[in-house]
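A.B. asks: Sequence and predicted model, in that order:
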Amino acid sequence: MSEVDFEPQHSRLFIPNFLSLNECRELEFIHKSSSTVGYRPNVFSTTLSHLIATNSSHFVIPFIPIRERLKDRLEEFFKCEYELFIEFTGLISWSKGASIGWHSDDNRPYLKQRHFSAVCYLNTYGKDFTGGVFHFQDGEPKSIMPKAGDVVMYTADDHNIHSVDEITEGERLTVALWFSRDGSHDEDKKLISLLSQHLLHKNLADSYLPLPASCNMYWFSLGQASDCQFGFNICWARLHVLGYDIYISQDSGDDCDVSDLLVKPVHLVRGSELLDQEFVNIMHALQVVHFYCWKGSALLNKVSNTDSKVVKVTDVQREKISGILAAVAAWEDYASNLSQQIHLQFPFWKMHESIYNVQLDEPCSSNKR
């Protein structure tokens, strides 16, 4: 199916298979290993500024070609070449119970600078989640059933009032970009300022080890109030869903609260087996586990070449977790490579106040779009 302009007034565009499946999986890995509780109940989000603040700025790299392709295609279709600035880039997932009523993306006074929206679907309706169908109030298509790789672009005005059905099962994942004609809302300038602060004193060797944000950003409760007694830490919960738990040394003390547990070294447990591999904190462990989920089939071939470091906790042997050992080294290679790229490209971004894909083998002057 080719891209479709649904409206004669050119207010929206649908493009199937805009992202590759691997791009979708990579962004899913980043989100599920980095997200915080979101801006409304049962919603989780990962912004580029949050990645920078948690020492995961290297994860910005996979977004760059996607942002450029989306911006170029949107400007071309809406005939506003070189007029737009990216106001916001974020990964957003909706879990069971999340929904949104009819609205347009600029219907609040503080969002009047928002002129266009682009939503890329990273997983598929009916396979990864149920519910979550996207509806336009008027015009065609009346509804969009999300499919991994598809994108819808539209004007953020009353031509495109829309809603999203309640999620009934699973987790609906998207990457959302909002665009503005107002340069004062340019996301890149703000991100470059944050990068200047965070990269200034970072050693390249450990610049990819994550540092969790404050505890309340990972605390999920029905009311989503950070001081609510009942709830759970979403980093821990995502590990649990995948069949893992964490073990913290007795030296850490028995009176630790959740905020302490986030930043203390941990080990992974699966069933009755303890992996004798120390992670710097729970987010480090979570990133390795989700990297393994993304790259698992390729990593399994390396397991036989990896020294076993599994300690039996009991005599009952359950599912092996030695595949994680291969993921540790592969994750380090992946994160280190991204970290090197961001250190090499950052001087060019800072010079031009714009985040873009730098071709380092070409003259600097040819790199600015």
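C.D. replies: Okay, I see it. Numbering: from 1, shown residues only.

A.B. asks: any idea how far Ile234 is from Ser221?
C.D. replies: Ser221 is 11 Å from Ile234, where distance means CB to CB, to the nearest Å. Glycine gets a C-beta too; all of them are placed from N, C-alpha and C.

A.B. asks: Count the residues that sit near Tyr39.
C.D. replies: Neighbourhood size, Tyr39 [other CB atoms under 10 Å]: 10.

A.B. asks: Now it: closest residue in space that isn't a chain neighbour?
C.D. replies: Ser45 (6.5 Å; CB to CB, 6 or more residues apart in numbering).

A.B. asks: again, but for Leu275
C.D. replies: Residue nearest to Leu275 in three dimensions, not counting chain neighbours: Leu268, with 4.5 Å by CB to CB, 6+ apart.

A.B. asks: Any idea what the one you found is bridged to?
C.D. replies: Leu268 forms beta bridges with Ile246, as assigned by DSSP bridges.

A.B. asks: didn't it look like it was pressed against Glu278?
C.D. replies: No - at 9.7 Å, Leu268 does not count as touching Glu278 under the criterion of CB atoms under 8 Å.

A.B. asks: More neighbours: which of the two?
C.D. replies: Between Leu268 and Glu278, Leu268 has the larger neighbour count (other CB under 10 Å), namely 23 against 12.

A.B. asks: So the more buried one versus Pro210, what's the distance?
C.D. replies: 15 Å.

A.B. asks: And for Asn281?
C.D. replies: 7 Å.

A.B. asks: Same question for Leu338.
C.D. replies: Applying CB to CB to Leu338 and Pro210 gives a distance of 13 Å.

A.B. asks: the more surrounded of these two?
C.D. replies: The neighbour comparison of Leu338 against Pro210 (other CB under 10 Å) goes to Pro210, with 22 against 19.

A.B. asks: could you list every residue that touches that one?
C.D. replies: Ser34, Thr54, Asn55, Ser56, Val280, Asn281, Met283, His284, Gln287 (CB atoms under 8 Å, 6 or more residues apart in numbering).

A.B. asks: Then Leu84?
C.D. replies: Lys71, Leu74, Glu75, His115, Phe116, Phe179, Ser180, Arg181.

A.B. asks: for His31, same thing?
C.D. replies: Phe44, Thr46, Leu91, Ser93, Leu122, Leu173.

A.B. asks: beta partners of the first one?
C.D. replies: To tie it back to what came earlier, the one meant is Phe44. Val37, Ser93.

A.B. asks: What of the last one?
C.D. replies: According to DSSP bridges, the residues that bridge with Leu173 are Ser93.

A.B. asks: that older thread, the residue nearest to Tyr39: how many residues sit nearby?
C.D. replies: 18.

A.B. asks: my guess is it meets Thr89, correct?
C.D. replies: No - applying CB under 8 Å, one finds Ser45 not in contact with Thr89, separated by 11.1 Å.

A.B. asks: any idea which helix is longest in the protein?
C.D. replies: Assignment by DSSP state H gives helix 323-352 as the longest helix of the chain.

A.B. asks: just how off-centre is that one within its chain?
C.D. replies: 16 Å (CA atoms, centre = their mean, to the nearest Å).

A.B. asks: packing partners for it?
C.D. replies: helix 187-199, helix 282-303 (3 or more CB pairs under 8 Å, 6 or more residues apart in numbering; DSSP states H and E).

A.B. asks: Go through the ones you listed and name the closest to Arg238.
C.D. replies: Of all the helices and strands packed on helix 323-352, it is helix 282-303 that lies closest to Arg238, at 6.1 Å by CB to CB.

A.B. asks: Could you pull up phi and psi at Val152?
C.D. replies: phi -120, psi 130 (degrees, to the nearest 10).

A.B. asks: most packed of the helices and strands packed on helix 323-352?
C.D. replies: Ranked by mean neighbour count, these are led by helix 282-303 with a mean of 19 (mean count of other CB atoms under 10 Å).

A.B. asks: What angle do helix 323-352 and that one make with each other?
C.D. replies: 120 degrees (axes from the mean of the first three to the mean of the last three CA atoms, to 10 degrees).

A.B. asks: Now for Trp94: which residues touch it?
C.D. replies: Asn42, Val43, Gly132, Val164, Ile167, Glu171, Arg172.

A.B. asks: Great, nothing more from me.
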